[in-house]
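> Need a 3D model of the sequence below.
(one chain, ligands or ions: 2)
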Amino acid sequence: MPRGAAPARDDNLRDMALRLFNTYSRALEEFHPLDPEGKIVKMYTCGPTVYSRAHIGNFRAYVFEDLLQRHLELRGFKVHRVMNLTDVDDKTIRGSRAENLPLAEFTAPFKEAFFEDLEALQIKMPGAFPAATEERYIEAMIAMIKTLIERELAYQAEDKSVYFRINRFPKYGELAHFDLAELKSTGRVKNDEYDKEHVGDFALWKAWDEEDGPVAWESPWGRGRPGWHIECSAMSMALLGDQLDIHCGGVDNIFPHHEAEIAQSEGCSGLAPFVRYWLHCAHLLVEGQKMSKSLGNFYVLPDLLAKGYSGREVRYALLRVHYRAPLNFTFEGLEEARQALARLDEWLRRLWEAARAGERQVHQPKTIEDDKFAEALDDDLNISAALGHLFDQIRVSNR
Ligand code: AMP
Ligand code: ZN
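Numbering: from 1, shown residues only. Ligands and ions are numbered 1, 2, ... in the order given. Reported below is the predicted structural model:
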C-alpha cells in the first residue's frame, strides 16, 4: 500500500487495479489518487533546463510521462499535470553570459524549441508550464525558505547563502535509499563546502556573486537566486497543493533533486508524504552510456527529422521499451519503429476498408475489460507486452 491514507476509489471502471512501481518503496503499488472521489490525479514532472535544445534522452522521460498521463486518462482519471521550465541555474546563467544576452532572451528560443519538439513527438501539453523566474514563483520560493529557517530546517551560512539542514530532517535519504554519511556535494549550485554544517546540506538560496552578472533577486538574505531544488518544490505546491499523487523524472533526478524536494516540501507543509508515487525512467543510452550534453553523445530531434525520420517514428522508438529498462539509442531501432508503424498503419487502412465495405467480421476489442493492450499497461505501463498483444491481434485479424 502507498504511504498516506489511500481512499477507496469510488468508480465502476473495472476491478483490475493499475499498479505502478514506486521508487520510494521500491515496490509495485496499486494506484489510488488522494482525491476522495478517486478521480483527479495531481502529477508533476520535472521539465527541461532551457540552456540548450533538449536532446532525445530528455524526451525519453517526457514520452514516458505522456504514456502515463494517457493511460491514466484511459482509465477514467482526470490528470492535472504540471511541467516546470528551469530557466535559472548555473548552466542558463553561464550560457547567457557566453552569448552576452539577458537571461530571459537567452532562454526564450530554447523554450520555443522545446514546445516545437513536444508537438512533433505528439506529447500532450501539460496543463501548466511554470517557469522558475516568474515573479510569483520566486516569491513562493522565498516564502518557503523563510518557513524552513523559522523551523530551523535551514540556516544562512557565512557565504550568505541559505542551506537546508539535512540533519534536522531524519527522512533525508529515504527516497534514494542513501545513508546520510555517504552524501557528497552535487555541484548543481555552486557552494563553498566549508560554509556548510554538513557536506550534504544543499543550497536553497544562492548569494549573488560576480559570475551571476545581472541575474539576482532581492530577498531577506540579500541579493541572490534560488537553488534548483526549491524551484520544483515551490512550483509544484503553488499549482497542485501540498501533496501530489505522482512525481516523475529520469533516474538521475532521484538524488539529490527529488530527495531535496521531499525535505523542502514536507519541511514547509508539515504534511507527509509530499508525493505518494515516485516514478523514474531509466536512461536513454548511446553505446552503454547515458545520452547527455556533457558527454556530447546526443541527438536533438531536428537531427533525426533531417535524416528523414518522423516525430511519430522517434516517439515510437522511445516508447516501445519499458520505462524502467535502459534503452539503447540506435538507427536500427529507429528503422524497427518505422516498420512497426508501417504495419500498424497498413492494418488500420485495411480495417477501414473492410468497415467501409460493410464487413462485420472485423476483429476488435469490444470493451476495455477484454482489451489486453490496456491491461498490460495497468501492469506498471508494460508497453512491450501491450505492443506484443497489439501485433498478435494484427496477425489474427490479417488472417
Ligand atoms: P535536465 O534538463 O537535465 O534537467 O533533464 C530533464 C529531464 O530529462 C529529467 O527528468 C532527466 O532525468 C531526464 N533525462 C536526462 N537525460 C536523460 C537520458 N539520457 N535518458 C532519459 N532521461 C533523461
Ligand atoms: Zn524538478
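> residues of the helix or strand where T107 lies that come out buried?
Using DSSP states H and E, T107 sits within helix 103-120. For helix 103-120, burial by neighbour count (16 or more other Cβ atoms under 10 Å) applies to L103, F106, T107, F110, K111, A113, F114, D117, L118, A120. Every residue, glycine included, has its C-beta placed from N, CA and C.
> Contacts made by that helix with the rest, please.
Residues from elsewhere that reach helix 103-120, judged by Cβ atoms under 8 Å, 6 or more residues apart in numbering: 47-48, 50-54, 59, 62, 85, 87-88, 92-93, 95-96, 99, 125, 131, 133, 214-215, 300-301, 305, 311, 314.
> Now render the buried residues of helix 103-120 as CSV, adding pLDDT.
As requested, the buried residues of helix 103-120 are arranged in CSV below (pLDDT from 0 to 100):
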residue, pLDDT
L103, 98
F106, 98
T107, 98
F110, 98
K111, 98
A113, 98
F114, 98
D117, 98
L118, 98
A120, 98
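> from those residues, which is closest to ligand 2?
Nearest to ligand 2, judged by Cβ to the ion, of the buried residues of helix 103-120 is F114 at 14.8 Å.
> Just the contacts of helix 103-120: which are in helices?
F59, Y62, T92, I93, G95, S96, E99, L301, L305, G311, V314 (DSSP state H).
> Those residues into JSON lines, with extra columns for pLDDT?
Shown next, in JSON lines, are those (pLDDT from 0 to 100):
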{"residue": "F59", "pLDDT": "98"}
{"residue": "Y62", "pLDDT": "98"}
{"residue": "T92", "pLDDT": "98"}
{"residue": "I93", "pLDDT": "98"}
{"residue": "G95", "pLDDT": "98"}
{"residue": "S96", "pLDDT": "98"}
{"residue": "E99", "pLDDT": "97"}
{"residue": "L301", "pLDDT": "98"}
{"residue": "L305", "pLDDT": "98"}
{"residue": "G311", "pLDDT": "98"}
{"residue": "V314", "pLDDT": "98"}
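> wait, which of those residues is closest to V275?
Minimum distance to V275 across those is 18.4 Å, recorded for Y62 (Cβ to Cβ).
> what's the distance between the closest one and ligand 1?
Per Cβ to the nearest ligand atom, to the nearest Å, Y62 is found 7 Å from ligand 1.
> Name the helix or strand for the closest residue to S219 other than its chain neighbours, please.
Closest residue to S219 apart from its sequence neighbours, by Cβ to Cβ, 6 or more residues apart in numbering: I142 at 5.3 Å. Assigned by DSSP H and E, I142 belongs to helix 135-150.
> on that earlier part again, with respect to H80, which of the buried residues of helix 103-120 is nearest?
Closest approach to H80 among the buried residues of helix 103-120 (Cβ to Cβ): L118, at 17.8 Å.
> my guess is R315 meets Q122, correct?
Yes. Checked against Cβ atoms under 8 Å, the pair R315 and Q122 is within contact range at 5.8 Å.
> Now do the contacts for whichever residue of the chain sits closest to ligand 1.
Ligand 1 sits closest to G250 of the chain, with a gap of 2.2 Å, by Cβ to the nearest ligand atom. The contact partners of G250, taken as Cβ under 8 Å, 6+ apart, are G57, N58, R60, A61, H280, C281, A282, H283.
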